[in-house]
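K.L.:
Okay, predicted coordinates and the sequence, questions at the end:
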Amino acid sequence: MSKTITPRDQDYAQWYNDLVLKSALADYSAVRGCMVIKPYGFALWENMRDVLDKMFKDTGHVNAYFPLFVPKSLFEAEEKNAEGFAKECAVVTHYRLKADPEQKGKLMVDPEAKLEEELVVRPTSEAIIWNTYKGWIQSYRDLPLLINQWANVVRWEMRTRMFLRTAEFLWQEGHTAHATKEEAIEETKRMLDVYADFAENYMALPVIKGVKSANERFAGAEDTYCIEALMQDGKALQAGTSHFLGQNFAKAFDVKFSDKNNQLEYVWATSWGVSTRLIGALIMAHSDDEGLVLPPKIAPLQIVIVPIFKGEEQKQQIGNLVNNQIIPSLKKLGIRVKYDDSDQNRPGWKFAEYEMKGVPVRIAIGNKDMENGTVEVARRDTKEKKSYSFEGIAEAMQLLLQEVQENIFNRAKSFLHSHITEADNWEDFVKTLDEKGGFVSAHWDGSADTEEKIKSLTKATIRCIPLEAKDEAGSCILTGKPSAKRVLFARAY
RNA sequence: CGGGAAGUAGCGCAGGCCGGUAGCGCAUCUGGUUUGGGACCAGGGGGUCGCAGGUUCGAAUCCUGUCUUCCCGACCA
């Protein structure tokens, strides 16, 4: 634990892995490219999930669940979608094992038990869901259909990274069906706003809302909207996507409805999702040398109280104060608090441990405090320590948690804004990517070919065309051809 | 899928070239002293050396195969 970890280090990947392991968020698993989310990491995910789930319900959505397995014939129905995911699918081909006659105590796949039709383990659920929607939608009265599912999906990526890109991951995927194009586009944008709201106001993660270029678009979508975040090493991370699917899936699965004029029409669709990748974003955006820095609104633990005592008697006295007064008053305000009076470790050990885990506020109470009627309060984000009196401590802590939340957000926001750099010639463009990192705002001629060339030359991709991008005539950074607005380039995870 | 590194106690590692009793630190257990920033002393427990073959009187060590993990690249709607 003596090793120093620094976000700006060139060993950023190593720093990140160490941090995930040491903070007890997750662990490597025995299965290729998968991870074990440990209780602390899962508590964080649950908090995020609860907030999102409420936001979805507040915007009229309901939850449902669809199968893990997608028959290959359904999977291939929407051609572009199938093609886009084909290279990263886990496929079930058999349904039984048997004792291996060659090797005692070993099992082998029973060749007799070959499935007639292979089952694709869902990399995303459009296919199985739209096949189901076909039976649910007949009339305009059945629309809109606004359903979300919390699930796991599998994508057999070549290279994996904990939280950011694992073979199996947890997410939510919303799948909606609408009577009109306008309504579907409205839904797509509404959910993008929900994501941005969640990222900024709960995760303290400032994001840029935008539209993907055709190259980066979801396979099977007409338009992919996204929120893009910036990590402390200057690389961008796609934090969430919301897709306008047009009538592609309705046509592929033959989902039609009778409108008010008794005309048969294909329905319009959207899908949108965020995943456990958000946890990776959280870690990379806020953490420091001492460990995680978690925003109070979603931190599994908001306050930890550490007693400092000599002997049983002092421990008793402090315990009485904490258990009878401080904790009840904090809990009354809905604050998630833990009193760690275990004898296992000394105070210094506990301080370091809870800092590593990113607990936003720590309260230490010792003999001196008992005499003075004070507690020592240390905040994780600034590492500042201050004395507070017992009186009104709960209200003071509630305010402090808000302040920490805001401070983390503002810090990340000024980092983001100071890392959006305009470039008007190729030399500056490359130099900014190499030396400063972050987003480079530049003109692009709009062709996929140019985008591809820029990627192979610089490893930078178009992260998005920002929604708020102003019309501004310019010339493409690579080809010099005319361009109507700037787009954001960055190297990305 | 290409290049590199690694797999030995719960965790982190040494040993390997040059084959011959399985080692260290942390953690754990027992007892004691401690407790305002990762405590100290003493004693104890814990191992099919990733897996499968091969060479050998003898393999953690040498050879072959295989699985897994990490890093770099390609890939990543």
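P.N.:
Thanks, I have the structure now.

K.L.:
if you skip the residues just before and after it, what's nearest to A:V211?
P.N.:
A:I465 (4.9 Å; Cβ to Cβ, 6 or more residues apart in numbering). Placement of C-beta: from N, CA and C, glycine included.

K.L.:
Contact residues of the stretch 51-200 of chain A facing RNA strand B?
P.N.:
Residues of the stretch 51-200 of chain A lying close to RNA strand B by Cβ under 7 Å from any atom of the strand are A:84-85, A:87-88, A:123-124, A:155, A:157-162, A:165.

K.L.:
Need the residues that contact the host helix or strand of the residue nearest to A:V211.
P.N.:
If you go by DSSP states H and E, A:I465 is part of strand A:461-466. Contacts to strand A:461-466, defined as Cβ atoms under 8 Å, 6 or more residues apart in numbering, come from residues A:208-213, A:215-216, A:226, A:228, A:236, A:238, A:439, A:444, A:451, A:454-455, A:485-492.

K.L.:
So among those residues, which ones count as buried?
P.N.:
The neighbour count (16 or more other Cβ atoms under 10 Å) marks A:208-213, A:216, A:226, A:228, A:236, A:238, A:439, A:444, A:451, A:454, A:485-492 as buried among the contacts of strand A:461-466.

K.L.:
Touching, A:Y12 and A:S287? I think so.
P.N.:
No. Taking contacts as Cβ atoms under 8 Å, A:Y12 lies outside contact range of A:S287: 11.1 Å.

K.L.:
so which strand or helix has A:S271?
P.N.:
strand A:268-275.

K.L.:
how about that strand as CSV, C-alpha atoms only?
P.N.:
Extracted in CSV, the C-alpha atoms of strand A:268-275 (Å, rounded to 0.1, in the frame of the first residue of the first chain):
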residue,chain,number,x,y,z
TRP,A,268,-40.8,4.1,-34.6
ALA,A,269,-38.2,3.0,-32.0
THR,A,270,-35.6,4.2,-29.6
SER,A,271,-33.1,2.4,-27.3
TRP,A,272,-30.8,3.8,-24.7
GLY,A,273,-28.4,2.5,-22.1
VAL,A,274,-25.8,3.1,-19.5
SER,A,275,-23.7,0.4,-17.8
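
K.L.:
after that strand comes which helix or strand?
P.N.:
Assigned by DSSP H and E, the successor of strand A:268-275 is helix A:277-286.

K.L.:
any idea which helix or strand comes after that next one?
P.N.:
Following helix A:277-286 in sequence, per DSSP H and E, is strand A:303-307.

K.L.:
which residues touch the helix or strand that comes right after that following strand?
P.N.:
Counting by DSSP H and E, the next helix or strand C-terminal to strand A:303-307 is helix A:311-321. For helix A:311-321, the external contacting residues (Cβ under 8 Å, 6+ apart) are A:307-309, A:339, A:341, A:365-367, A:370, A:390.

K.L.:
The spatially closest residue to A:K350 that is not a sequence neighbour and A:P347, how far apart?
P.N.:
Closest residue in space to A:K350, ignoring its immediate chain neighbours: A:V306 at 4.9 Å, by Cβ to Cβ, 6+ apart. Distance from A:V306 to A:P347, counting by Cβ to Cβ, to the nearest Å: 5 Å.

K.L.:
Looking at these two, which is more packed in?
P.N.:
A:V306 (27 against 14; other Cβ atoms under 10 Å).

K.L.:
Surely that one is in contact with A:V361?
P.N.:
No. Counting by Cβ under 8 Å, A:V306 stays clear of A:V361, with 11.4 Å between them.

K.L.:
So which bits of stretch A:469-479 are buried?
P.N.:
A:469, A:474, A:476-479.

K.L.:
Now do the strands in the stretch 1-150 of chain A.
P.N.:
Shown for the stretch 1-150 of chain A, the strands assigned by DSSP state E, counting those that start in this stretch span residues A:26-28, A:35-37, A:62-63, A:69-71, A:91-94, A:97-99, A:107-109, A:114-121, A:145-154.

K.L.:
again with the stretch 301-450 of chain A
P.N.:
Under DSSP E, counting those that start in this stretch, the stretch 301-450 of chain A gives strands at A:303-307, A:337-339, A:361-365, A:374-379, A:385-389, A:420-422, A:439-443.

K.L.:
Mind listing the residues bridging to the closest residue in space to A:I363 that isn't next to it in sequence?
P.N.:
The shortest distance from A:I363 to any non-neighbouring residue, by Cβ to Cβ, 6+ apart, is to A:I305 (4.6 Å). Under DSSP bridges, the beta-bridge partners of A:I305 are A:Y339, A:I363.

K.L.:
Of all residues in chain A, which one is nearest the centre?
P.N.:
The structure's chain A has its C-alpha centroid closest to A:L278; by Cα atoms, centre = their mean the separation is 1.6 Å.

K.L.:
Pull up the pairing partners for the worst-scoring helix or strand of chain A on mean pLDDT, direction included.
P.N.:
Ranking every helix and strand in chain A by mean pLDDT, DSSP states H and E puts strand A:107-109 at the bottom, with a mean of 78. Using DSSP bridges, strand A:107-109 pairs in its sheet with strand A:97-99 (antiparallel).

K.L.:
Other residues contacting the strand it pairs with?
P.N.:
A:106-110.

K.L.:
Show me what from the stretch 251-400 of chain A comes close to RNA strand B.
P.N.:
A:290, A:308-311, A:343-353, A:355-356, A:364-370, A:376, A:378, A:383, A:385.

K.L.:
Restrict those residues to the buried ones and give me that as a PyMOL selection.
P.N.:
Filtering these down to the buried ones (16+ other Cβ under 10 Å) takes a single PyMOL command:
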select buried, chain A and resi 290+308+309+350+351+353+355+356+364+365+366+369+370+376+378
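
K.L.:
Okay, helices next: where are they in the stretch 101-250 of chain A?
P.N.:
Here the stretch 101-250 of chain A has its helices, by DSSP state H, counting those that start in this stretch, at A:126-136, A:181-201, A:248-252.

K.L.:
buried residues in the first one?
P.N.:
The one in question is helix A:126-136. Counting neighbours by 16+ other Cβ under 10 Å, the buried set in helix A:126-136 is A:126-134.

K.L.:
possible to save those residues as a markdown table with pLDDT?
P.N.:
Output for these, formatted as a markdown table (pLDDT from 0 to 100):
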| residue | pLDDT |
| --- | --- |
| A:E126 | 96 |
| A:A127 | 96 |
| A:I128 | 96 |
| A:I129 | 97 |
| A:W130 | 97 |
| A:N131 | 97 |
| A:T132 | 97 |
| A:Y133 | 98 |
| A:K134 | 97 |
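
K.L.:
for those residues, which one is nearest RNA strand B?
P.N.:
Nearest to RNA strand B, judged by Cβ to the nearest atom of the strand, of the buried residues of helix A:126-136 is A:E126 at 9.8 Å.

K.L.:
Contacts only, for that closest one.
P.N.:
Taking Cβ under 8 Å, 6+ apart, one finds A:78, A:81, A:175, A:220, A:245, A:249, A:271 in contact with A:E126.

K.L.:
Now, of those, which are buried?
P.N.:
Buried, going by 16+ other Cβ under 10 Å: A:78, A:81, A:175, A:220, A:245, A:249, A:271, out of the contacts of A:E126.

K.L.:
Report the inter-axis angle for the longest helix seen in chain A versus helix A:277-286.
P.N.:
Counting by DSSP state H, the longest helix found in chain A is helix A:393-417. Helix A:393-417 and helix A:277-286 are oriented at 90 degrees to each other (axes from the mean of the first three to the mean of the last three Cα atoms, to 10 degrees).

K.L.:
hmm, who's touching helix A:393-417?
P.N.:
A:200-201, A:204-206, A:208, A:229-230, A:232, A:285-286, A:293, A:295-297, A:302-303, A:326, A:329-330, A:332-333, A:335, A:360-361, A:363, A:375, A:377, A:379-382, A:388, A:438.
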